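Visitor: predicted model and sequence follow; I will ask about them next.
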Amino acid sequence: MLTQTTQGSLKQPTLQLLRGLRTKSKNSRVATVSAATQRIITGLSVLSGRKKYPRILKLSNEDLIRHDTIQAAWAQYQRDIRTDRQSVLDKQYDSIINAMEDLKITNMELFKIANKKEKGKRFPLDARIPVDFPPNKVWHYEVKAPAEKK
Amino acid sequence: MLRSNIISQCRRLLSTGTTKTWASKTTAPSLKASTHYRDALLDGIPSTGPPSLRSRKYKQRYSSPEGINEAFDVAYDFLKSKSEAAYAKAAEAKDPQEKAQLETQAELHNPEVNFNFAYNEKLENDTQYIDYELPVYRELKKKHWENYGQMLTMQRLETLAAIPDTLPTLEPKAEISLKFQNHTGVNRWVEAGKKLSSNATTFPPSVKIQEFDALDLTKGKYTILIVNPDVPDIENNTYKTQIAWGLSNLSITYNDNFINPAKLLKDEGKYNEIISYLPPVPEKNLPAQRFVTWVFRQGEQSLDIQLQKRDFDIRQFVEDFKLEAIGAHIWRSEWDLNVREVRELYGLPQGTVFAKVKGTRRLR
Amino acid sequence: MSFLSAGRLLNASKSLSALTLHGLRSQTTPKLNFQAIQVRTATKKVAGSRTNMRDSAGRRLGAKVAENEPVKTGQILYRQRGTKFYPGENAGIGKDHTIFALEPGYVRFYMDPFHPERKFIGVALAPELRLPTPHFSPRVRRLGYEEILDEKKAAFEENNLARKHHLLRPTIEKQLEQRQLQRESVLTSYSEQIAKLASDLNEDEVLLAAERLLFIKTHIQNGTKLSESQAIATFTYFQNLRLEVQRGQTTQEEATQLRAEYSQLALKVDSLISFDNQYKLISFITEEQRLQKVAELDSKLKTLFADINKKTKNEIKSLIFENNLINATERKRLISKYLKSVLPEPTGLTSPTEKKASISKRWNYEKSKVEVVARSKEAFPFK
Amino acid sequence: MFSPKPTASLSVAALRQFTTSAVALGKPGCNTIKPVHHRVKINKNKLSHRFPELNLSKNDIRNPAFKPTSTYQDRVEEHYHNTIASDLLLINAQEGEFTQFGKKRREWDGSSPYHLNRSLRKPQGSEAETLDIKPHTASNIPKIEAIHINCYVESAKDNANHALNSLVQIQQITGVKPKPIFAKTNVIHWRVRAGFQMGARVTLKGRPMNQFLSTLTDIVLPRIREYKGISNKSGDRTGNIQFGLTPDDIRYFPEIESNQDLWPKTYGMHFNVVTSAQTDAEARTLLSAYGLPFHGSEKGTKPENIEY
């Protein structure tokens, strides 16, 4: 069983050595390990990666080259997506700055409002991360901020 | 994409040979895998099993992962379109470096090129499969070299103190491999730092210079110097450096770069022998002597110097002729019973015998 | 009392004794109970056990030599606990961190830019040299080994081999002789064959050709290509010629003349003679012709293999094993094709109930179940 | 009478050794690495012929450590790229913005000779230096980079199994193997000794992080009764937000809730969300995009003009 804490003993009450403890008794009637200890043993096995990795995939020479080609294509495809995405953001930023400069010339007062720092800005709570099966009622219009409720 | 998958699947059943071809502009044979493997590589493993496996038992047992054929078809077309774009850019590129870089990029993901490079002899390459004139094979070989060969050579040069004893340092740009082809009949590449018997080193070595950068090799010439920094200098109670062999004005190409007897006989007059070969003849009871082979790019200048004296200052020589060191190799020699025969063969005086225990005489 | 540690007890007791000599000034020193001082107070306490007041003798640590002092090999430079100083060039460090000289020279205490936080003690081999030697300059090295001038001693030392080499020497010499005999026998057989194949060569030309072909044989056996081996043979011969001139055995003109003769002979021999798979000499055959012959053999074997009977069986075996043109890989392919230990499926299959049938079980990958295969004698012709 | 033991009798082994193996062989405890004369990086593992598979790169299929990762859609990542990034760019972008320099250590004015080698003065009005705030362009849009989860279990000082259970609990919730944490110092009246295993911590990045974020915001937080949200005052002023969950909140995780009897005792956890935002305010704006609610007054903005 588990050792109890002894006052002043230097060692942290560690687990009793569990290796080699027989968890399945020969005759099923005798339970050799208590539920708590059994839970810890399963916990330990959950943590260790032993016997949980699949066997290494052995490929022939041709298949190995085919696999590498697929991986290279996938990496190139991801690179393309990233560069496209960044160019879209760059264009958006340029258009924001151009718009701001035009506004600065045409109407200074509007420019000040547009250029104000939005420090406490929040996204609406209902704008959730899109899921495959969204709920029937997507947007709760009657939600009030706690302050307003009082 | 879907339509091409169905076609390639039924072709696999009919097994009438693959119709996939890369976007290669040149028709170099090494850009294609050998027909024995090509169909399995491009269209997927046939029911009879992968051709690269020898025994029928393992061929029968082998099953390739699910979905690899469809995924490969899509990947092949995608990468092929990228390669066409790269070839188009390469066509306009003027600067040779950039042109080579673009051609490399175009062929780097060609499965046939990767197959040829992975499963064929890389050092004594058969241009049918690996042709170092193509920039992509040089790039693959350079990565392969930096993964093992370069580190091993630099480690041996450092631990055996070839740098700084001969030249101060080295930025390796070419792979130098060395082999002794002489009366012994041995046919094995020498690993850097290995101790060789005097019988093996009786006649000059054959040096292979594998360049990787995109250069015009028709103009550039090469120089090879083999120096021995451990010749005992008894009067000054120290060691001095001697030159064992020197060749200059050597012209090589990316494939034909093995300076061996065949090449030396073929272009007899074209190259210049700075000094004839003096084999390692170490003295008894002295520590092992190091023989460091340095390879330099001469550039366009031709080096027609002939040395008589064996004493040699390699740093001064390199400075005078502005040689650019691109690679090095090292082997070691110890005294053995055969040194006496080698001295007689070369008409050298008998070696001095030293006491086994190191004396206490000061340097100065 | 408790704040005085054992190490300082001795000094405290000394200073107190000095105080007592000058008469106690009004210093408020705490009441101390010492064994060593003969101060008798009114009431002398019982002497307790001696747990303090003891110290070991000084270890005489520190520097043993000064800067620029000449030292011999092995001379101790610095005694220390831990590494106050580190061993520099030509200096070593002992188990108790004692720094000693590895070479005779002059002591240097110095700092090394690569280890800014360390102090080094090294030995410079010459008085004018400073440490640390510049990083990229060649190392300064002392030869040290003395030449044995006395002839007898030198001869003795030369033959004084390490025990392993000494014990191995006779066997090596015997092997050399055997190899020499073997070379001679091959040379004689080669010169006979050359005489037959290239009859217009005179006596010593045949011998020279035999040596050349033997030289090429050793290289081909180790995997070098034929053309390369021929070049190596010529190159080595020219090198030997050059060395004979160097040794003064032949004049330069003779050498060039011999050189020309040899290259002609080489051309002739290479165009007339080539090797078979047992490295015996046969008349010249190009690679294409050889491959063509192998193809012919292949087709002949196929016809024989069509109807296997007693006569054709032996003929197939002899054709494959006596042929001297096919190399090892080709022979292996032919054996696996025509000397099958078991003939392909349809021939020789019988029902398992047959008396003489040989039963074998195997896993059928298509039906994925074990199947029984029974074969009669015809399926094993080459048993 | 308290008399300290003389220190001279310390054994050799107690001396601070550079290499333990050297002591066993009686070699000196002095390790001088010789400087090299070239610039090629030498990887000794690659030169040894043991375990050649391990010299392959981690994404080579022949390497035992190969693990396919992008095998399923990461909807949180896609959500960030599809909507949140461009919105944050619009929110943060300002015309004519310039770098606001943080408070840096100052030079001494050199009025006294002692200033020469003295270490720099403290920044004005604060103990530590603060980071510069660079202009907000398309290349530095705030993004969540990592979530550090720290689970310190006080009761582990009496019973080590609690520390083990916290390890298993974090692995159950996140699917990533955690590292144990140990008490650093002795605190006598808390009965905590240095070296005791007191809990577990893990750093989540990439796909496991996104998975954990969506579980947290979609399932766990909505089910906590009167969950006020993360305090607007939390954050370490460089754009990382911290918050915690009580042991009862942990029970709402689907991985725990689906098998209640396996978890008789759960342990509370602290989360530190590391973002590439340059201030806490921007970090909170970013986190609110993932559905994390906030409460309380934020410095510099009155509660009434927080736009919902």
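Guide: Sure thing, it's come through. Numbering: from 1, shown residues only, chains lettered A, B, ... in the order given.

Visitor: so where do the strands sit in chain C?
Guide: C:62-63, C:70-71, C:76-79, C:86-87, C:91-93, C:99-101, C:105-112, C:115-124, C:273-275, C:281-283, C:358-364, C:369-375 (DSSP state E).

Visitor: right, and those - which one's nearest residue D:294?
Guide: Each of the strands of chain C has some distance to residue D:294 by C-beta to C-beta; the shortest is strand C:115-124, at 49.9 Å. (Glycine included, C-beta is placed from N, CA and C.)

Visitor: same for the lengthiest helix in chain C, what does it pack against?
Guide: Secondary structure of chain C per DSSP state H: the longest helix is helix C:163-197. Helix C:163-197 is packed against helix C:203-221, strand C:273-275, strand C:281-283, with contacts defined by 3 or more C-beta pairs under 8 Å, 6 or more residues apart in numbering or on different chains; DSSP states H and E.

Visitor: try 7 Å
Guide: If contacts are counted by 3 or more C-beta pairs under 7 Å, 6 or more residues apart in numbering or on different chains; DSSP states H and E, helix C:163-197 sits against helix C:203-221, strand C:281-283.

Visitor: hmm, the first one touching chain B?
Guide: Yes: with C-beta under 7 Å from any C-beta of the partner chain as the criterion, chain B is reached by helix C:203-221 at C:215, C:218, C:219.

Visitor: kindly report the same for stretch C:87-101.
Guide: No: Stretch C:87-101 stays clear of chain B (C-beta under 7 Å from any C-beta), getting no nearer than 10.2 Å.

Visitor: any idea how far apart the tips of that stretch sit?
Guide: 9 Å (C-alpha to C-alpha, to the nearest Å).

Visitor: now it: average pLDDT?
Guide: Mean per-residue pLDDT for stretch C:87-101: 95.

Visitor: with stretch C:216-236 instead?
Guide: So the average pLDDT for stretch C:216-236 ends up being 95.

Visitor: repeat that for stretch D:67-84.
Guide: Mean pLDDT, taken over the full extent of stretch D:67-84, equals 93.

Visitor: what residues sit buried inside it?
Guide: When burial is assessed from 16 or more other C-beta atoms under 10 Å in any protein chain shown, stretch D:67-84 yields the following buried residues: D:74, D:75, D:76, D:79, D:80, D:84.

Visitor: surely the last one is in a helix?
Guide: Yes: judged by DSSP: H, G, I helix; E, B strand; the rest coil, residue D:84 forms part of a helix.

Visitor: residues contacting it?
Guide: Under the criterion of C-beta atoms under 7 Å, 6 or more residues apart in numbering or on different chains, the contact partners of residue D:84 comprise residue D:289.

Visitor: distance check, it against residue A:89.
Guide: Using C-beta to C-beta, to the nearest Å, residue D:84 is found at 12 Å from residue A:89.

Visitor: where exactly do the strands run in chain D?
Guide: All strands of chain D, identified by DSSP E, fall at D:144-152, D:179-182, D:197-204, D:230-231, D:240-245, D:269-275, D:294-295.

Visitor: so how far is the first one off the chain centroid?
Guide: Right, strand D:144-152. 5 Å (C-alpha atoms, centre = their mean, to the nearest Å).

Visitor: pull the residues that contact that strand.
Guide: With contact meaning C-beta under 7 Å, 6+ apart, strand D:144-152 is reached by D:166, D:170, D:174, D:181, D:198-205, D:209, D:212, D:267, D:269-276, D:286.

Visitor: and those residues, which are buried?
Guide: Burial by neighbour count, judged by 16+ other C-beta under 10 Å, picks out D:166, D:170, D:174, D:181, D:198-204, D:209, D:212, D:267, D:269, D:271-275, D:286 from the contacts of strand D:144-152.

Visitor: what parts of the stretch 151-300 of chain C come near chain D?
Guide: Of all the residues in the stretch 151-300 of chain C, none lies near chain D, going by C-beta under 7 Å from any C-beta.

Visitor: and the stretch 151-300 of chain C, which of its residues are near chain A?
Guide: Applying C-beta under 7 Å from any C-beta, one finds that the stretch 151-300 of chain C does not approach chain A at all.

Visitor: equivalent analysis for the stretch 151-300 of chain D, please.
Guide: By the rule C-beta under 7 Å from any C-beta, the part of the stretch 151-300 of chain D lying against chain A is D:158-161, D:164-165, D:167-168, D:171, D:177, D:196-197, D:214, D:217-218, D:262, D:281, D:285, D:288-291, D:293-294, D:298, D:300.

Visitor: name only those of those residues that count as buried.
Guide: For these, a neighbour count by 16+ other C-beta under 10 Å gives the buried set as D:159-161, D:164-165, D:167-168, D:171, D:196-197, D:214, D:217, D:281, D:285, D:288-291, D:293-294, D:298.

Visitor: what's the mean pLDDT across the longest helix of chain C?
Guide: Averaging the model's pLDDT scores along helix C:163-197 yields 94.

Visitor: and for stretch C:301-316?
Guide: According to the model, stretch C:301-316 has a mean pLDDT of 85.

Visitor: ok now it, how far from the chain's centre?
Guide: Using C-alpha atoms, centre = their mean, the mean C-alpha position of stretch C:301-316 is found 51 Å from that of the whole chain.

Visitor: so how far is the first residue of it from its last?
Guide: Using C-alpha to C-alpha, the gap from the first to the last residue of stretch C:301-316 comes to 6 Å.

Visitor: so which of the helices and strands packed on helix C:163-197 is the most packed in?
Guide: Per-stretch averages of neighbours, counted by mean count of other C-beta atoms under 10 Å in any protein chain shown, single out helix C:203-221 among the helices and strands packed on helix C:163-197, with a mean of 19.

Visitor: the strand or helix carrying residue B:38 vs chain C: in contact?
Guide: With the criterion set as DSSP states H and E, the secondary-structure element containing residue B:38 is helix B:35-43. No: using C-beta under 7 Å from any C-beta, helix B:35-43 never reaches chain C; the gap is at least 13.7 Å.

Visitor: hey, C-alpha coordinates of that helix in PDB?
Guide: These are the backbone C-alpha positions of helix B:35-43, laid out as PDB (Å, rounded to 0.1, in the frame of the first residue of the first chain):
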ATOM      1  CA  THR B  35      13.100   1.600 -67.400                       C
ATOM      2  CA  HIS B  36      13.300  -1.300 -64.900                       C
ATOM      3  CA  TYR B  37      12.100   0.900 -62.000                       C
ATOM      4  CA  ARG B  38      10.500   3.800 -63.900                       C
ATOM      5  CA  ASP B  39       6.900   2.400 -64.200                       C
ATOM      6  CA  ALA B  40       6.800   1.300 -60.600                       C
ATOM      7  CA  LEU B  41       8.200   4.700 -59.500                       C
ATOM      8  CA  LEU B  42       5.700   6.900 -61.400                       C
ATOM      9  CA  ASP B  43       2.600   4.700 -61.700                       C
END
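
Visitor: now it: buried residues?
Guide: In helix B:35-43, counting by 16+ other C-beta under 10 Å, buried: B:37, B:38, B:39, B:40, B:41, B:42, B:43.

Visitor: what of stretch C:350-365?
Guide: Neighbour counts over stretch C:350-365 (16+ other C-beta under 10 Å) mark C:350, C:357, C:358 as buried.

Visitor: stretch C:307-320: how far from the chain's middle?
Guide: On C-alpha atoms, centre = their mean, the centre of stretch C:307-320 falls 49 Å from the chain's centre.

Visitor: quick one: buried residues of it?
Guide: Buried, per 16+ other C-beta under 10 Å, within stretch C:307-320: C:308, C:312, C:316, C:319, C:320.

Visitor: quick one on the thing from earlier: and the longest helix of chain C, how far out from the chain's middle?
Guide: Centre-to-centre, helix C:163-197 and its host chain are 26 Å apart (C-alpha atoms, centre = their mean).
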